[in-house]
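Novice: here is a sequence together with a model predicted from it:
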Amino acid sequence: MNEKHVRVGLVGFGTVGTGVAKLIYEEGDAIAAKTGVRLELACVVDVDTQRPRPVPLPEGVLTSDLNRLIADPGIAIGIELVGGTGIAKDIQLQMLHAGKDVVTANKALLALHGGELYQVAHENGRCIAFEASCAGGIPIIGAIRSGLAANQITGMFGIVNGTCNYILSSMSTKDEAFGAALAKAQKRGYAEADPTLDISGGDSAHKLAILASIAFGGEIGLEDIFVQGLDGIAREDIRYGREMGYCLKLLAIAQRNAEGKISLRVHPSFIAADSWLARVDGSFNAISVFGNAVGETFYYGRGAGMMPTASAVVADLIDVALGNSRTLFESLRLKPREEVKPLLEKIDDCVSRFYVRVMAKDKPGVVARYGKILGDHAISISGVLQHEGDGPSNTVPVVITTHKTQEKNMREALAELTRTDVISGKPVCIRIVDIPQDKDT
Ligand code: HSE
């Protein structure tokens, strides 16, 4: 087979950049034999050219001068692994204007400015490939763009943040405290430089914005996504939930309702303990994608870390070199926001079941009173859990699960409950997500 020699330039020699260099050097021959593409790492640009890295570069490859990459017409593909939404955007724009295709893992940038960057790429006859931006090593973008191309996507339910999943798994299986689990996730290199992006649900929202744009073909931004992170999640809720048959996950959800509107949200979710997603532990990611023709498909793998993310970056380099990414990118024409907005479901209208934990006053008539408040807001109780025991100020923890109701009903009921003297403190409320079942009958 004739080899296609492709020179690439990398900006950002951090964790993932090091993994990319390692793959190109160590797997270059195997990749060339398998795909016919011989990748040459022509230059690596980083502000820090002194720090020793685990992968040594040949003399002269590492530079702090971005212009070495931009001004070299022989470099066909620029890899942006700087991250963030500031300088990274400028770097991608310079690459596109200089006639280079771009490969990136930068989910925050694409979630915020994807529409604009894609436009510039189209104007310059270039493409942007971004498989590594969502769920690390899992080829989820390729699956949605190509593998499921014949389908209308009806729903996506994803664990797309390894840090949060690691924390929830550790709290659940090792009874670890939130802070201790987060510290371990950071030590293992899963967390973002600023871990509030993980914990707040922001990182999951970035990925959901990208996946939903592709799945539904529109300009979807962060402002379209309801986001709630792990703040306030307590070990006792994980325990009570387990007792009632549920497992707690931070889910990124895109779901088409009966009227065709799409609900986009990231929030802690109780899901059936025997579902596929409930079995996804540690830093692993997984996404269930439903198509109208195919039914449920499930993608699982490592969503963070040096080599899994590098695996997706190098796959993109190969696909760009082969021309596959260009073909797919040319068909990526996203509906403008004005057309997309009316198609999105507001969070208040979203229907789901709920888990509510209150510290109820341990005195006569309390069950009837909270039952009535929920009933008055059209909320039907599905299950109640109350163990005998003494809480502070003569209270007892009560866990209630509900049947389906609109989000706004629950919000109003909780506000009323909080105003009464039947509970102490604020109720804890976690959504229960019923992932559609696609089973043989
Ligand atoms: N901080 C991210 C995570 C890294 O924990 O999943 C991958 O995007």
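Specialist: Cool, the structure landed. Residues are numbered from 1 along each chain as shown.

Novice: okay, now residue 104: neighbour count?
Specialist: When counting by other Cβ atoms under 10 Å, one arrives at 28 neighbours for residue 104. For glycine as for every other residue, the C-beta is placed from the backbone atoms N, C-alpha and C.

Novice: neighbours around the nearest residue to it once chain neighbours are set aside, how many?
Specialist: Distances taken as Cβ to Cβ, 6 or more residues apart in numbering place residue 80 nearest to residue 104, at 4.5 Å, with adjacent residues excluded. Using other Cβ under 10 Å, residue 80 is surrounded by 27 other residues.

Novice: okay, residue 80: pLDDT?
Specialist: Residue 80 carries a pLDDT score of 98 in this model.

Novice: what parts of the stretch 151-300 of the chain come near the ligand?
Specialist: The stretch 151-300 of the chain comes close to the ligand at residues 161, 162, 163, 190, 191, 192, 198, 203, as judged by Cβ under 6 Å from any ligand atom.

Novice: among these, who's most crowded?
Specialist: Greatest neighbour count in these, by other Cβ under 10 Å, goes to residue 161: 35 neighbours.

Novice: from residue 167, how far out is that one?
Specialist: Distance of residue 161 to residue 167, given as Cβ to Cβ, to the nearest Å: 9 Å.

Novice: kindly report the same for residue 257.
Specialist: Noted for residue 257: a distance of 30 Å to residue 167, by Cβ to Cβ.

Novice: and those two? Which one has more around it.
Specialist: residue 167 (30 against 14).

Novice: now do the contacts for residue 321.
Specialist: The contact partners of residue 321, by Cβ atoms under 8 Å, 6 or more residues apart in numbering, come to 4, 6, 35, 37, 39, 76, 77.

Novice: confirm the fifth one sits in a helix?
Specialist: No - with the criterion set as DSSP: H, G, I helix; E, B strand; the rest coil, the secondary structure at residue 39 is strand rather than a helix.

Novice: wait, it touches residue 6, no?
Specialist: Yes - at 5.7 Å, residue 39 and residue 6 qualify as touching, with contact defined as Cβ atoms under 8 Å.

Novice: ok, and for the helix or strand containing residue 92, which residues are buried?
Specialist: In the assignment (DSSP states H and E), residue 92 maps to helix 87-97. Neighbour counts using 16 or more other Cβ atoms under 10 Å place 88, 89, 91, 92, 93, 94, 95, 96 of helix 87-97 among the buried residues.

Novice: what residues are up against the fifth one?
Specialist: Same thing as residue 93. When contacts are counted by Cβ under 8 Å, 6+ apart, residue 93 is found next to 117, 120.

Novice: run the last query once more with 6 Å
Specialist: Residue 93 makes contact with no residue, according to Cβ atoms under 6 Å, 6 or more residues apart in numbering.

Novice: how much space between it and residue 123?
Specialist: Per Cβ to Cβ, residue 93 is found 11 Å from residue 123.

Novice: spell out the secondary structure type for the residue in the stretch 301-441 of the chain positioned nearest to the ligand.
Specialist: The nearest approach of the stretch 301-441 of the chain to the ligand comes at residue 304, 3.7 Å away (Cβ to the nearest ligand atom). When classified by three-state DSSP, residue 304 comes out as coil.

Novice: wait, doesn't it sit right on residue 163?
Specialist: No - in this structure residue 304 lies outside contact range of residue 163 using Cβ atoms under 6 Å: 7.2 Å.

Novice: element containing the residue in the stretch 1-150 of the chain that the ligand sits nearest to, please.
Specialist: Closest to the ligand within the stretch 1-150 of the chain is residue 136: 5.5 Å, counting by Cβ to the nearest ligand atom. Using DSSP H and E, no element contains residue 136; it sits outside every helix and strand.

Novice: neighbour count for residue 39 and residue 6, which is higher?
Specialist: Each of residue 39 and residue 6 has its neighbours counted (other Cβ under 10 Å); residue 39 has more, 24 against 20.

Novice: and residue 419, how many neighbours does it have?
Specialist: 10.

Novice: that one and residue 343, how far apart?
Specialist: Residue 419 is 36 Å from residue 343, where distance means Cβ to Cβ.

Novice: tell me the average confidence for the helix holding residue 92?
Specialist: Averaged across helix 87-97, pLDDT comes to 98.

Novice: could you list the residues in contact with the helix or strand following it?
Specialist: As assigned by DSSP H and E, the chain's next helix or strand after helix 87-97 is strand 101-104. Under the contact criterion Cβ under 6 Å, 6+ apart, strand 101-104 has outside partners 77-80, 92, 95, 126-130, 313, 316-317, 320.

Novice: try it again at 8 Å.
Specialist: Strand 101-104 has contacts (Cβ under 8 Å, 6+ apart) with 8, 76-81, 88, 92, 95-96, 110, 117, 121, 126-130, 132-133, 313, 316-317, 320, 325-326.

Novice: among those residues, which ones are in helices?
Specialist: Mapping the contacts of strand 101-104 onto helices (DSSP state H) picks out 88, 92, 95-96, 110, 117, 121, 313, 316-317, 320, 325-326.

Novice: let's verify residue 242: helix, strand, or coil?
Specialist: helix.

Novice: tell me the contacts of it?
Specialist: Shown in contact with residue 242 (Cβ under 8 Å, 6+ apart): 172, 273.

Novice: look up how far residue 273 lies from it.
Specialist: Taken as Cβ to Cβ, the span from residue 242 to residue 273 is 7 Å.

Novice: with the flanking residues excluded, which residue is spatially nearest to residue 216?
Specialist: Excluding the flanking residues, the one nearest residue 216 by Cβ to Cβ, 6+ apart is residue 262, at 6.0 Å.

Novice: beta-bridge partners for that neighbour, please?
Specialist: On the basis of DSSP bridges, residue 262 is bridged to residue 256, residue 344.
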